[in-house]
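> Need coordinates for the below:
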Amino acid sequence: MKEVDDLLNNHTYGEISTILNERGLRTRVGNSFGPVRIMRIEQKYALKSRYDRLREAGYLTAEELGQLLGLAPRTLAERRKLGLLKAARINDRPEYLYEPPAKRRAEVTFDGSPSPPVGVRTQ
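Just a heads-up that it's a prediction; the model follows:
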């Protein structure tokens, strides 16, 4: 199902089922869609999972980003909630993959020198 494949780029199973139901679409037997139905469609048609799509795009697990930045997963979650880290929800639980930090910020510091890489603490 092409529509599910396209929606997996940006949505979780639950979000996809809501979108399809709001569009008035139904299963072959006339039932509404649910997250499990979306998962089965993904498996039946060998569609790439949302997790795999994000990993291929370079997104990192909390553990990977935590090691890279020297931060605990809880700190990452707090910074994500504050909008300081960009992340994508990978499922209908509160599980995320994080955008990798930029190699260099485009800004400069007040003294005109380049700012340090994102996540690197300065003294």
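> What are the structural domain limits within this structure?
2-47, 55-98 (automatic domain parsing).
> any idea how far the residue positioned nearest the centre of the chain is from Leu97?
Nearest residue to the geometric centre of the chain (Cα atoms, centre = their mean): Ala88, 1.9 Å. Distance from Ala88 to Leu97, counting by Cβ to Cβ, to the nearest Å: 6 Å. In short, each C-beta sits where N, CA and C put it, glycine included.
> Give the intersection of the neighbour lists for those two.
54, 59 (Cβ atoms under 8 Å, 6 or more residues apart in numbering).
> So which elements touch the host helix or strand of the residue nearest to the centre of the chain?
Per DSSP states H and E, Ala88 falls inside strand 87-89. For strand 87-89, the elements it packs on are strand 96-98, judged by 3 or more Cβ pairs under 8 Å, 6 or more residues apart in numbering; DSSP states H and E.
> now the strand it packs on, how far from the centre of its chain.
Averaging C-alpha positions (Cα atoms, centre = their mean, to the nearest Å) puts strand 96-98 5 Å from its chain's average.
> And for that strand, what's in contact with it?
For strand 96-98, contacts defined as Cβ under 8 Å, 6+ apart pick out 51, 54-55, 59-62, 65, 76-77, 80, 85-90.
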